[in-house]
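[1] Need the 3D shape of this:
(2 chains)
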Amino acid sequence: MTETLIEGHKPLAPPPGIPVLDIDPYDVDTLYTPHAYYEALRAAGPVAYIPRYQVLAVGRFDETKTTFSDHETFVSSRGIGLNDFKLEKPWRPPSIILEVDPPEHTRTRRVMSKALSPKVVRGLMDDFRNSAATILDGLLGREIEAVVDLAEAFPTAVFPRAVGMKDVHTRHLVDYGAIVFNAVGPDNVLRQRDMARAPEVAAWINAACARDRLTDDGLGALVYAAADAGDITEAEAGMLVRSFLSAGVDTTVTGIGNALWCFSQNPDQWEALKADPSLIRPAFEEVLRYTSPVHTFLRTADRDTEIGGHPVPEGTKVLCVLASANMDPEKWGDPEVFRVDRRPVGHMAFGAGIHGCVGQNIARGELEALLSVMIEKVDRIEPMGEAIWRPNNAIRALDKLPLKLIPS
Amino acid sequence: MKVTYIQPDGSQQVVEGIEGDSVMQTAVNAGVPGIIAECGGSMACATCHVYVDAAWADKTGTRSESEEDMLDCAMAEMTDRSRLSCQVRLTADLDGLTVHVPEDDF
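    Prediction:
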């Protein structure tokens, strides 16, 4: 028997008694200004049915964390977007770390976890700081478009070098992440536009991940060393290097852009950071909580289960709205306030559980380097026009951020 | 149930914990210094490293390979009593648990 799929997943009638939220979370206007949707989602209940896509959604902190972390019930192997990989072929070969469950996940995660360990990141920090200083010196005191001039410029300088890439194409590196993240949404204009250019960008990315396109002293070489040791195959090593590029460029670009936006909007918090550099790392955690660079990933119920007392049938796609969990007043008290000394341990911006972002140490390292150089060199971060967001089905990033960095 | 955190200077903090919570979460809730727990419990950061007191070493279970990989990256030296406190869950057996916070967790 064949069944008509909805956005590549099994149709779902609303479970009896479940709150219904008649909204399109992937509407472009909603993606521009999502906070009313997050509030409505939390108000609806512990879980809500979204008729537009016949899915469930969670946005309160507790249910989001529980659902997102319960990898046995809510699996990743059926895709972390609206497509159910069990029913429909994904647009690219699935990631062997993101879109996979234990025990397969345990093996690949361990390789990546070692390649991106705190120890490895400590060894990269000098380069991160030097590169941040060089880039900043060229930007001080004049009007800049901070997304391209700084948020993209810094990670695309340091990260490909950390990976050991011999080929660097800044645009493809940034755009590949955005394509991957738009692909987890519905078949809307954003996904269609990115799928149209995916073949060219993905071909470049795949070629750049080959062993002979990497130096022998980078993160990529660490992954290929795991292949030499027999822990993974040669093909798997290439796939894991691809994961560096899906998840390690556009996300960090977004994190930096969002950080600059936070400080440009909250000059008192920039003063607080300059006055107490020990707040640099906690401040980045607050940027992550406050802006949630990844706003939504999905899970798939692999068996009949429940959320908050509501039945959830096998095959149900569940939107885990991380950005909403990070703005839940029940958890955070005053979530709408950006405070560098909040120390929001347990925020959901890097996910939670076994699929929690494996690159979070390097992201923190890049931000620590950049912000520590900035507090030395930049007295004030002044907005020079309206900040404009860039709608994406999974990422909340800036498109334009006109700023002036006033030197110390 | 109670957990005691001993700082490198010898000062002690006794914290009320809830069964099922991790030793990391219990420390974070109480603001115990030195348990930074940057990654929130995903075994990605090693900033919740503790040394389990000798008297409790047999009761806190064993470390997974992934936990050992991460402990190997901690700032303070890894010993046979090192644990990531996010990986130790409070059970009735662990009421009264004592752990030592390392000198430099970060």
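[2] Quick check: buried residues in stretch B:53-67?
    B:53, B:56, B:60, B:63, B:66-67 (16 or more other CB atoms under 10 Å in any protein chain shown). Just so you know, the C-beta spots here come from the backbone N, C-alpha and C atoms, and that holds for glycine as well.
[3] Pull the distance from it to the chain's centre.
    With CA atoms, centre = their mean, to the nearest Å as the basis, stretch B:53-67 stands 10 Å off its chain's centre.
[4] got it, and stretch A:316-323?
    Using CA atoms, centre = their mean, the offset of stretch A:316-323 from its chain centre is 14 Å.
[5] right, quick check: it against chain B, any contact?
    No. Judged by CB under 8 Å from any CB of the partner chain, stretch A:316-323 and chain B are separated, with a smallest distance of 12.1 Å.
[6] For that stretch, buried residues please.
    By neighbour count on 16+ other CB under 10 Å, the buried set for stretch A:316-323 is A:316-323.
[7] ok, back up a step: hmm, which of the buried residues of stretch B:53-67 is lowest in pLDDT?
    The member of the buried residues of stretch B:53-67 with the lowest pLDDT is B:Ser66, at 90.
[8] give me the element it is part of.
    When elements are assigned from DSSP states H and E, B:Ser66 belongs to helix B:65-71.
[9] Check A:Gly238 too.
    In this assignment (DSSP H and E), A:Gly238 forms part of helix A:234-247.
[10] ok, back up a step: going by contacts, tell me the helices and strands next to the helix holding B:Ser66.
    Applying 3 or more CB pairs under 8 Å, 6 or more residues apart in numbering or on different chains; DSSP states H and E, we find helix B:65-71 packed against helix A:104-115, strand B:82-84.
[11] which of those is buried the deepest?
    Greatest average neighbour count among the helices and strands packed on helix B:65-71 goes to strand B:82-84 (a mean of 24), per mean count of other CB atoms under 10 Å in any protein chain shown.
[12] quick one: that one to chain centroid distance?
    6 Å.
[13] hmm, it touching chain A?
    No. Shown here: strand B:82-84 not in contact with chain A (CB under 8 Å from any CB), separated by at least 11.9 Å.
[14] tell me what that strand is packed against?
    So strand B:82-84, by 3+ CB pairs under 8 Å, 6+ apart, packs with strand B:49-52, helix B:65-71.
[15] contact partners of that strand?
    B:23-24, B:43, B:46, B:48-52, B:60, B:63, B:67, B:70-71, B:74, B:99 (CB atoms under 8 Å, 6 or more residues apart in numbering or on different chains).
[16] coming back round to it: show me what the helix holding A:Gly238 is in contact with.
    For helix A:234-247, contacts defined as CB under 8 Å, 6+ apart pick out A:93, A:95-98, A:108, A:111-112, A:159, A:163, A:173, A:176-177, A:180, A:205-206, A:208-211, A:214, A:219-220, A:223-224, A:226-227, A:232, A:357, A:359.
[17] and the helix or strand following it, average pLDDT?
    As assigned by DSSP H and E, the chain's next helix or strand after helix A:234-247 is helix A:250-265. Averaging pLDDT along helix A:250-265 gives 98.
[18] wait, what's in contact with the closest residue to A:His310 other than its chain neighbours?
    Using CB to CB, 6 or more residues apart in numbering or on different chains and skipping the chain neighbours, the partner closest in space to A:His310 is A:Ile18 (4.8 Å). Neighbouring residues of A:Ile18 by CB under 8 Å, 6+ apart: A:45, A:47-49, A:56, A:310.
[19] Which of those residues fall in strands?
    Of the contacts of A:Ile18, the ones assigned to strands by DSSP state E are A:48-49, A:56, A:310.
[20] Mind putting the residues you listed into CSV with distance to A:Phe244 and pLDDT?
    Listed next are those as CSV, based on distance: CB to CB, whole Å; pLDDT from 0 to 100:
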residue, distance to A:Phe244, pLDDT
A:Ala48, 35, 98
A:Tyr49, 37, 98
A:Leu56, 32, 98
A:His310, 38, 97
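[21] A:Gly79 contacts A:Leu298, correct?
    Yes. Assessed by CB atoms under 8 Å, A:Gly79 is found in contact with A:Leu298 at 7.2 Å.
[22] Look up the residues that both of these two are in contact with.
    Joint contacts of A:Gly79 and A:Leu298 (CB under 8 Å, 6+ apart) are A:Val184.
[23] got the residues of chain B near chain A?
    Within chain B, the positions near chain A by CB under 8 Å from any CB are B:25, B:28, B:36-46, B:65-66, B:69-70, B:72-74.
[24] On the three-state scheme, A:Val184 is what?
    Counting by DSSP: H, G, I helix; E, B strand; the rest coil, the backbone at A:Val184 sits in coil.
[25] Locate the nearest residue to it once chain neighbours are set aside within the secondary structure: which element?
    Distances taken as CB to CB, 6+ apart place A:Gly81 nearest to A:Val184, at 2.9 Å, with adjacent residues excluded. A:Gly81 is part of no helix or strand, with elements assigned from DSSP H and E.
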